[in-house]
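S.K.: Quick check, what structure comes out for this input:
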Amino acid sequence: MKQSKYLFPSDYMADPSVHVFEGKIYIYPSHDRESGIEENDNGDHFDMNDYHVFSLDDVENGEITDHGVVLSVKDIPWSGRQLWDCDVAFKNGKYYMYFPLKDKNDIFRIGVAVSDKPYGPFIPEKHPMLGSYSIDPCIFEENGRHYMYFGGIWGGQLQRYRNNKALESAVIPNDYELAIPSKVVLLSDDMLEFGEEPKDVLILDENGNPLLHGDKHRFFEASWMHKYNSKYYFSYSTGDTHLICYATGDNPYGPFTFQGEILTPVVGWTTHHSIVEFKGKWYLFFHDSVPSEGKTWLRSMKVIELEYDNDGKIKTIEGLEE
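M.R.: Numbers count the residues shown, from 1 in each chain. Sure, this is the predicted structure:
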């Protein structure tokens with residue numbers, strides 16, 4: 001599968017988080033819509049208000065199933081606005097959806113909703129996770145332990161925090177200062193709260209130095225974690241330089257050493273992805289704004305095969321195909 005393909009041309013879906021549950025691919029995207037809100041650096045024009053779930057038996061030739069709306073802003077007791085990228089994890093017969101949403105004070109928190117089925121519907125808890133902030137939760141499971149990676153700068157509000165505490169005023173670093181890192185936290189046994197204080201996800205250059213804010217490969221948002229040949233691959237979006245990059249490490253907490261670019265810029269401002277193995281092949285799920293003729297708030301989800309070289313390096317995929 002050398003060419004990418006669109007997964008659901010009849011509606012705008014973005015930020016696909018993908019897992020294999022019950023022998024199928026399940027896709028948990030955000031649901032773009034035309035809200036009429038003017039574009040700005042805070043991302044107010046990304047005014048999503050519900051989630052759909054999709055499933056596939058066969059990535060390359062199968063028919064995609066839309067399981068419909070599984071959670072809406074109006075159903076979440078603490079909701080304000082903007083239901084951004086979510087992810088789902090499975091434990092003890094239950095499926096847990098983690099979602100970022102602005103509360104009634106316009107602060108992003110991370111909520112949890114629970115279902116008996118991977119395709120929902122998901123019933124939200126009455127309150128967001130204690131101590132949660134920012135956006136883009138990604139869940140990685142290993143040996144029954146579930147780790148959440150989260151965070152995003154600019155509209156994702158991560159610059160408003162240091163050491164898990166709110167600042168008096170948000171601070172974006174200068175280019176010569178250290179980049180703001182993503183966060184990682186082990187979840188509690190009941191999957192409903194943080195099981196510890198979130199920690200920084202450090203991305204180092206080849207000399208062992210943390211990436212600076214001015215580096216075009218520094219973290220911006222869209223954390224993802226997968227494991228290949230005993231190595232941990234932390235991948236992410238660089239935001240305003242429009243790349244999907246990755247770094248590798250020896251444990252889920254890192255540090256991670258920068259390795260390269262997975263995906264070059266696509267049509268549209270944002271880029272957001274997930275990586276999954278299914279039936280012996282690896283796939284990159286992502287989005288672009290080609291079908292909406294470049295409207296960055298109306299994105300369409302895609303998939304393409306992802307390949308490694310003999311050293312475990314991921315072969316770079318061109319975001320703008322010929």
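S.K.: Residue 261 contacts residue 242, correct?
M.R.: No. At 10.4 Å, residue 261 does not count as touching residue 242 under the criterion of C-beta atoms under 8 Å. Glycine gets a C-beta too; all of them are placed from N, C-alpha and C.
S.K.: Next, count neighbours for residue 222.
M.R.: Residue 222 is surrounded by 28 other residues when neighbours are defined as other C-beta atoms under 10 Å.
S.K.: and the gap between the closest residue to residue 152 other than its chain neighbours and residue 190?
M.R.: With C-beta to C-beta, 6 or more residues apart in numbering as the criterion, residue 152 has its nearest non-adjacent residue at 3.1 Å, and that residue is residue 221. Distance of residue 221 to residue 190, given as C-beta to C-beta, to the nearest Å: 27 Å.
S.K.: So if I had to pick from the two, which one is more boxed in?
M.R.: Each of residue 221 and residue 190 had its neighbours counted (other C-beta under 10 Å), and the higher figure belongs to residue 221 (27 against 12).
S.K.: For that one, list the residues it contacts.
M.R.: With contacts taken as C-beta atoms under 8 Å, 6 or more residues apart in numbering, residue 221 has the following neighbours: 135-136, 151-153, 156, 236-237, 239, 272.
S.K.: Of these, which is the nearest to residue 226?
M.R.: Nearest to residue 226 out of those is residue 236 (C-beta to C-beta; 12.2 Å).
S.K.: quick one, phi/psi of that closest one?
M.R.: phi -170, psi 170 (degrees, to the nearest 10).
S.K.: how close does it get to residue 29?
M.R.: Summarising the geometry, the distance separating residue 236 from residue 29, computed by C-beta to C-beta, is 18 Å.
S.K.: neighbour-wise, which of these two wins?
M.R.: The residue with more neighbours, out of residue 236 and residue 29, is residue 236; 32 against 29, by other C-beta under 10 Å.
S.K.: Local confidence estimate at the closest residue in space to residue 41 that isn't next to it in sequence?
M.R.: Among residues not flanking residue 41 along the chain, residue 154 sits closest, at 5.7 Å (C-beta to C-beta, 6+ apart). pLDDT, the model's per-residue confidence, is 97 for residue 154.
S.K.: I figured residue 154 hits residue 46, correct?
M.R.: No. Proximity of residue 154 to residue 46 does not meet the contact threshold set by C-beta under 8 Å, at 11.5 Å.
S.K.: out of those two, which sits in the busier spot?
M.R.: Residue environment comparison for residue 154 versus residue 46 gives the larger neighbour count to residue 46, 23 against 17, counting by other C-beta under 10 Å.
S.K.: Please name the nearest non-neighbouring residue to the more buried one.
M.R.: With C-beta to C-beta, 6+ apart as the measure, residue 297 is the residue that lies nearest to residue 46, at 5.5 Å, once sequence neighbours are left out.
S.K.: residues in contact with that neighbour?
M.R.: Contacts were defined as C-beta under 8 Å, 6+ apart; by that measure residue 297 touches 32, 34-35, 39, 45-47.
S.K.: One more pass at 6 Å, please.
M.R.: Residue 297 makes contacts with 32, 45-46, as judged by C-beta atoms under 6 Å, 6 or more residues apart in numbering.
S.K.: cool, and residue 174?
M.R.: Contacts for residue 174 were tallied using C-beta under 6 Å, 6+ apart; there are none.
S.K.: Count the neighbours of the residue lying closest to residue 133 once chain neighbours are set aside for me.
M.R.: Closest residue to residue 133 apart from its sequence neighbours, by C-beta to C-beta, 6+ apart: residue 161 at 5.7 Å. Applying the criterion other C-beta under 10 Å, we find 18 residues in the vicinity of residue 161.
S.K.: so where is the chain shaky, pLDDT-wise?
M.R.: Filtered on pLDDT under 70, the chain yields the residue ranges 322.
S.K.: Is the residue nearest to residue 133 bridged to anything, and to what?
M.R.: The partner list for residue 161 in beta bridges (DSSP bridges) reads residue 166.
S.K.: That one and residue 143, how far apart?
M.R.: From residue 161 across to residue 143, the span is 30 Å (C-beta to C-beta).
S.K.: before we move on, what about residue 108?
M.R.: For residue 108 relative to residue 143 (C-beta to C-beta), the value is 30 Å.
S.K.: When those two are compared, which one has more neighbours?
M.R.: Looking at residue 108 and residue 143 with other C-beta under 10 Å, you find the greater number of neighbours at residue 108, namely 25 against 4.
S.K.: List the backbone torsions phi and psi for that one.
M.R.: Reported as degrees, to the nearest 10, the phi and psi values for residue 108 are phi -70, psi 130.
S.K.: How about the contacts made by it?
M.R.: Applying C-beta under 6 Å, 6+ apart, we find residue 108 in contact with 100, 102, 134-135, 157.
S.K.: Can you list which of those are found in strands?
M.R.: With DSSP state E as the criterion, strands contain 100, 102 from among the contacts of residue 108.
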